[in-house]
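# Structure for this input, please:
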Amino acid sequence: VLGLLVWALIADTPYHLYPAYGWVMFVAVFLWLVTIVFFILYLFQLHMKLYMVPWPLVLMIFNVGATILYITAFITCSASVELTSLKGTGQYNQRAAASFFSCLVMIAYGVSAFFSFQAWRGVGSNAATSQMAGGYA
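A predicted model of the protein is given here:
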């Protein structure tokens, strides 16, 4: 939802006149779409049918990559706010809000990356869930 807000706030301004906002739009739209694809995969449990894919590793790599991309988008968006619009105007407020929400999205992806790393490493599992069912190997 926060990524959609970044996307909508930037799209409502003439972002095409400023190349920096083109990058922010690319990051926001691309990662929003990929996140929706992962959400649908997990919602309908399609990842269970693709058992040969190491999903914890895939999600960790995605979340780390998304965090890095949103760091660049946040810095780009924040640095470009005052250069592209006058203080107190609607465009200034929208771009400042987009910077704020891109910071929140960056933090959310960072937290997701941390938890994905924990899941990939297997932290938090107990002896009952880590043992093979049916005997000792």
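
# ok, Lys87 to Ser99 distance?
14 Å (Cβ to Cβ, to the nearest Å). All C-beta spots, glycine's among them, are computed from the backbone N, C-alpha and C.

# So between these two, which is more surrounded?
Set Lys87 next to Ser99 and count neighbours by other Cβ atoms under 10 Å: Ser99 wins out with 22 against 9.

# What's the local residue count around Ala28?
29.

# list the contacts for it?
Each residue near Ala28 by Cβ atoms under 8 Å, 6 or more residues apart in numbering is listed here: Gly3, Val6, Trp7, Ile10, Ala73, Ser102, Val105.

# Provide a list of residues in contact with the fifth one.
Contacts here follow Cβ under 8 Å, 6+ apart; on that basis Ala73 touches Val6, Trp23, Val24, Val27, Ala28, Ser102, Met106.

# hmm, back to that, what's the most distant pair in the contacts of Ala28?
Ile10 and Val105 (12.3 Å; Cβ to Cβ).

# Okay, now the unreliable bits of the chain?
83-86, 124-137 (pLDDT under 70).

# pull the longest helix from this protein.
Identified as the longest helix of the chain according to DSSP state H is helix 90-121.

# tell me what that one is packed against?
helix 2-11, helix 19-43, helix 55-84 (3 or more Cβ pairs under 8 Å, 6 or more residues apart in numbering; DSSP states H and E).

# So which bits of it are buried?
91-92, 94-103, 105-106, 108-110, 112-113, 116-117, 119-120 (16 or more other Cβ atoms under 10 Å).
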